[in-house]
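In: Model the structure of this input:
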Amino acid sequence: MTNLRRNGEPSLHNIRFHDFIKDDSRHLSFLMAFNDNQLHGDIKSNPSAQLSWQMPTTKEIYNLLGRFYIVASPKKITRFPPPKLGTELMNSEISAQEHWESVRRQVWSSLSSQTRATFTWPPSGEIPKHGDKAFKCLKLDSMLDRNISLDNPDKVNHEVAFDNFCLLVFRINEVIRFEYGIFPPKRMIYRLVNDEWIEEETNP
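Out: Presented below is the predicted three-dimensional model:
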């Protein structure tokens with residue numbers, strides 16, 4: 001993933017794809033920690049970004065252009081709104097914030113206990129202040145909607161991790177697909193115009 005920072009320099013991040021958003025394949029989801037200061041800062045400064053997705057088996061490269069949205073815990077203060085609701089939800093009584101918080105909770109519950117534990121760790125790329133102790137939480141069960149004592153250590157870790165967990169949503173506006181396993185190579189561009197995909201072939 002790359003975008004332009006405020007100072008004009010390009011950013012570069014390796015982010016792991018999680019899934020497509022149910023019922024709307026224009027949105028991709030990734031996992032992000034609220035305390036990932038570098039990634040968080042780059043997205044906040046410029047949410048417009050480009051993703052490069054290489055598939056060596058089929059010999060294809062997809063360059064995805066679009067915009068990032070950060071779906072954070074309601075306890076976190078952020079001035080960035082979640083994605084707008086799709087047409088199928090526009091007439092519902094639920095707000096965009098409520099809908100995306102529901103999605104965030106569903107994704108959290110679906111994660112492995114080891115993946116949940118990583119959200120108790122120090123910020124990515126930073127040297128931990130307390131050495132290996134910072135990584136002592138290696139497994140964390142989902143405790144949403146469970147009646148557990150507030151002073152339970154696992155409950156405390158869960159609250160910290162769950163509040164640190166963000167759903168990073170990428171809305172695709174344009175796709176460039178390059179097939180290099182054939183000759184001559186083929187390059188296709190797909191643009192989203194009024195919720196319809198417009199397709200055209202270009203010189204590779």
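
In: how far out from the middle of the chain is the lowest-mean-pLDDT helix or strand in the chain?
Out: Here the helix or strand of the chain ranked lowest by mean pLDDT, DSSP states H and E is helix 153-164, holding a mean of 86. How far helix 153-164 lies from its chain's middle: 20 Å, per C-alpha atoms, centre = their mean, to the nearest Å.

In: Next SSE downstream of it?
Out: strand 165-179 (DSSP states H and E).

In: Which elements pack onto that next one?
Out: For strand 165-179, the contact count by 3 or more C-beta pairs under 8 Å, 6 or more residues apart in numbering; DSSP states H and E identifies strand 24-33, strand 60-71, helix 96-110, strand 186-193 as packing neighbours. To be clear about C-beta, it is placed using only N, CA and C from the backbone, and glycine gets the same treatment.

In: which residues sit against the last one?
Out: To tie it back to what came earlier, the one meant is strand 186-193. For strand 186-193, the external contacting residues (C-beta atoms under 8 Å, 6 or more residues apart in numbering) are 26, 172-179, 197-204.

In: residue ranges with poor pLDDT in the protein?
Out: Along the chain, the parts satisfying pLDDT under 70 run over 86-92, 144-153.

In: again, only this time at 80
Out: 23, 25, 77-81, 85-93, 127-134, 142-155 (pLDDT under 80).

In: rewinding a little: closest one to residue 44 among the helices and strands packed on strand 165-179?
Out: strand 60-71 (7.7 Å; C-beta to C-beta).

In: Show me what the closest one is packed against.
Out: Using 3+ C-beta pairs under 8 Å, 6+ apart as the test, strand 60-71 ends up in contact with helix 37-45, strand 48-55, helix 96-110, strand 165-179.

In: Redo those as CSV? Include distance to residue 63.
Out: What follows is the helices and strands packed on strand 60-71, written out as CSV (distance: least, C-beta to C-beta, whole Å):
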stretch, distance to residue 63
helix 37-45, 18
strand 48-55, 6
helix 96-110, 25
strand 165-179, 4
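
In: Buried deepest among the ones you listed, which one?
Out: Stretch with highest mean neighbour count among the helices and strands packed on strand 60-71: strand 165-179 (a mean of 20; mean count of other C-beta atoms under 10 Å).

In: in its sheet, what does it sit against?
Out: Applying DSSP bridges, strand 165-179 is found paired with strand 24-33 (antiparallel), strand 60-71 (antiparallel), strand 186-193 (antiparallel).

In: Buried residues of the first one, list them for me.
Out: By neighbour count, and taking 16 or more other C-beta atoms under 10 Å as the criterion, the buried residues in strand 24-33 are 26, 27, 28, 29, 30, 31, 32, 33.

In: follow-up on the earlier one: how about the strands paired with strand 165-179, which one is nearest residue 139?
Out: Nearest of those to residue 139, taken as C-beta to C-beta: strand 24-33 at 16.7 Å.
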